[in-house]
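Asker: with the input below, show me the fold.
(2 chains)
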Number of protein chains: 2
Amino acid sequence: MTIVRVHAFSISLDGYGAGLHQTLDDPLGVGGQQLHEWFVPTRTFRRMVLGSDGGETGVDDDFAARGFEGVGAWILGRNMFGPIRGPWPDDTWKGWWGDEPSYHAPVFVLTHYPRDPIEMAGGTTFYFVTDGAESALEQARGAAGGRDIGIGGGVSTIRQYLQQGVIDEMHIAVSPVLLGSGEHLLTGIDLPSLGYACTQYVPSPHATHVVIARR
Amino acid sequence: MTIVRVHAFSISLDGYGAGLHQTLDDPLGVGGQQLHEWFVPTRTFRRMVLGSDGGETGVDDDFAARGFEGVGAWILGRNMFGPIRGPWPDDTWKGWWGDEPSYHAPVFVLTHYPRDPIEMAGGTTFYFVTDGAESALEQARGAAGGRDIGIGGGVSTIRQYLQQGVIDEMHIAVSPVLLGSGEHLLTGIDLPSLGYACTQYVPSPHATHVVIARR
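Answerer: Residues are numbered from 1 along each chain as shown, chains lettered A, B, ... in the order given. Coordinates of the predicted model:
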């Protein structure tokens, strides 16, 4: 059965999933890099993102790996795809992830501005969806081939799907840092009343991993 | 040197320090009890709050114990002291903690309604401060005899002192539960810009302990 999942989404102790002022040099906004300090040393990050060997195994890596397993289609918000706002100036920007992104599956990007699909190496194709989050989910369901749908972020995309109650499982890594400002993941969202509870709690020396799922 | 500290203050994964609808039966509001599941089994809780033997030692107990050590005076918000709102109807209510509260020191209670001090067994005296948080801090400083000042809560009292920048150290236990509503500890407070950082991160199997302090 296809389920809709968020994985390895990092937030600060004060609840922010990204800092302010995203730019080309600072894709996670001011201070946002700190959120991922648990993830970067893992074997999964090295293998899937950097395409290299080595890296640490253990609790952090186990959670990192779960985010890539069994996902047949992805959904990303526009700002997760890139720093460009407004209409696409040209076809140059193809995501943050180089020629062979680690998705290896169809990726549906939520945007207000139409653009032709981009086929990348390694099985990733970016499709641009201009008719809303529900439509993107429907298209992802069609493309996932019975595997799961990964909601890759960012904050506002996850919030949208949480509020619609369509996310089945969400793994959050709480990093021991304070951001103070930025994009807050849960403010104003009452998860228990949407039917969610914390179903798993596994701290590591670098982050606190929790899984939030429907009861 | 006297420092101003918060200790063993529990919040949910979504940042709430108490649930809604505090009553006599539900002093922590709806769902609030769950926040303290790490604390209740500790040796410190049994000894200091229940006055009994036994209980668990380890990380949780170490943090619980730090909250009582070296504190010469306490400050509490009115709602932390009791469920009564508005003017005191009589002198019956003497706190949640029985004849011998675990404070064993002067306790300054913030309230808009004057009341005579109440001397309890074991060295606790409740003083009622009607001229504001700054005055309470000054009185606590005078009464602490060079020891530390403990800000016992609740949420709005801690928020007030955080925003004034007078808290030197704050131990928070993040419990792996979701409340969804209630009193949010940090919303709208930018701790890094107030000079705070996370200086300690010690997860236990029951909660994630973090210390937030001035850099």
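Asker: residue of chain A nearest chain B, please.
Answerer: Across chain A, no residue is closer to chain B than A:Pro203, which sits at 3.1 Å (CB to the nearest CB). Heads up, the C-betas are built off the backbone N, CA and C, glycines and all.
Asker: count of residues packed around that residue?
Answerer: 22 (other CB atoms under 10 Å in any protein chain shown).
Asker: give the contact list for it.
Answerer: A:Val59, A:His209, B:Pro203, B:Ser204, B:Pro205, B:Thr208 (CB atoms under 8 Å, 6 or more residues apart in numbering or on different chains).
Asker: how about it: which residues does it bridge to?
Answerer: A:Thr208 (DSSP bridges).
Asker: quick one, grab the pLDDT at A:Leu76.
Answerer: A:Leu76 carries a pLDDT score of 96 in this model.
Asker: so what's it closest to, chain neighbours aside?
Answerer: A:Gly152 (4.5 Å; CB to CB, 6 or more residues apart in numbering or on different chains).
Asker: buried residues of stretch A:73-84, list them for me.
Answerer: A:Ala73, A:Trp74, A:Ile75, A:Leu76, A:Gly77, A:Arg78, A:Asn79, A:Met80, A:Phe81, A:Gly82, A:Ile84 (16 or more other CB atoms under 10 Å in any protein chain shown).
Asker: surely A:Val6 touches A:Arg159?
Answerer: No: with contacts defined as CB atoms under 8 Å, A:Val6 does not count as touching A:Arg159, sitting 10.7 Å away.
Asker: show me what contacts A:Arg215?
Answerer: A:Gly195, A:Tyr196, A:Ala197, A:Thr199.
Asker: show me which of those residues neighbour chain B.
Answerer: A:Tyr196, A:Ala197 (CB under 8 Å from any CB of the partner chain).
Asker: biggest separation within the contacts of A:Arg215, which pair?
Answerer: Maximum pairwise distance in these, criterion CB to CB, is 11.9 Å, between A:Gly195 and A:Thr199.
Asker: looking at those two, which has the bigger crowd around it?
Answerer: Remark: of A:Gly195 and A:Thr199, A:Thr199 carries more neighbours, 14 against 10, as counted by other CB under 10 Å.
Asker: quick one: secondary structure of the more buried one?
Answerer: Following DSSP: H, G, I helix; E, B strand; the rest coil, A:Thr199 is assigned to strand.
Asker: give me the nearest residue to it, chain neighbours excluded.
Answerer: A:Thr199 sits nearest to A:Ala213 (CB to CB, 6+ apart), 4.6 Å away.
Asker: go on, A:Tyr161?
Answerer: A:Ile167 (5.1 Å).
Asker: cool, and A:Val174?
Answerer: Excluding the flanking residues, the one nearest A:Val174 by CB to CB, 6+ apart is A:Thr208, at 4.3 Å.
Asker: same question, A:Thr44
Answerer: Per CB to CB, 6+ apart, closest to A:Thr44 is A:Ala64, 3.8 Å.
Asker: that neighbour falls within a helix, correct?
Answerer: Yes: counting by three-state DSSP, one finds A:Ala64 located in a helix.
Asker: mind listing what it touches?
Answerer: So A:Ala64 contacts A:Ala8, A:Phe39, A:Thr42, A:Arg43, A:Thr44, A:Phe45 (CB under 8 Å, 6+ apart).
Asker: put the buried members of those residues into a PyMOL selection.
Answerer: Selection of the buried residues among those in PyMOL, burial being defined by 16+ other CB under 10 Å:
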select buried, chain A and resi 8+39+42+43+44+45
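Asker: settle this for me: the residue nearest to A:Leu76 is touching A:Arg78, isn't it.
Answerer: No: assessed by CB under 8 Å, A:Gly152 is found out of contact with A:Arg78, at 11.8 Å.
Asker: and the helices in chain A?
Answerer: With DSSP state H, the ranges of helices along chain A come out as A:43-44, A:59-66, A:78-81, A:133-143, A:155-163.
Asker: got JSON lines for those, with distance to B:Thr187 too?
Answerer: Output for the helices of chain A, formatted as JSON lines (distance: least, CB to CB, whole Å):
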{"stretch": "helix A:43-44", "distance to B:Thr187": "33"}
{"stretch": "helix A:59-66", "distance to B:Thr187": "27"}
{"stretch": "helix A:78-81", "distance to B:Thr187": "23"}
{"stretch": "helix A:133-143", "distance to B:Thr187": "25"}
{"stretch": "helix A:155-163", "distance to B:Thr187": "15"}
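Asker: quick one: which of these is nearest A:Glu119?
Answerer: Nearest of the helices of chain A (CB to CB): helix A:133-143, 13.5 Å.
Asker: which secondary structure elements does that closest one contact?
Answerer: strand A:71-77, strand A:106-110, strand A:125-129, strand A:148-153, helix A:155-163 (3 or more CB pairs under 8 Å, 6 or more residues apart in numbering or on different chains; DSSP states H and E).
Asker: what residue is smack in the middle of chain A?
Answerer: A:Gly152 (2.2 Å; CA atoms, centre = their mean).
Asker: so A:Glu37 sits against A:Pro205, correct?
Answerer: No: taking contacts as CB under 8 Å, A:Glu37 lies outside contact range of A:Pro205: 11.1 Å.
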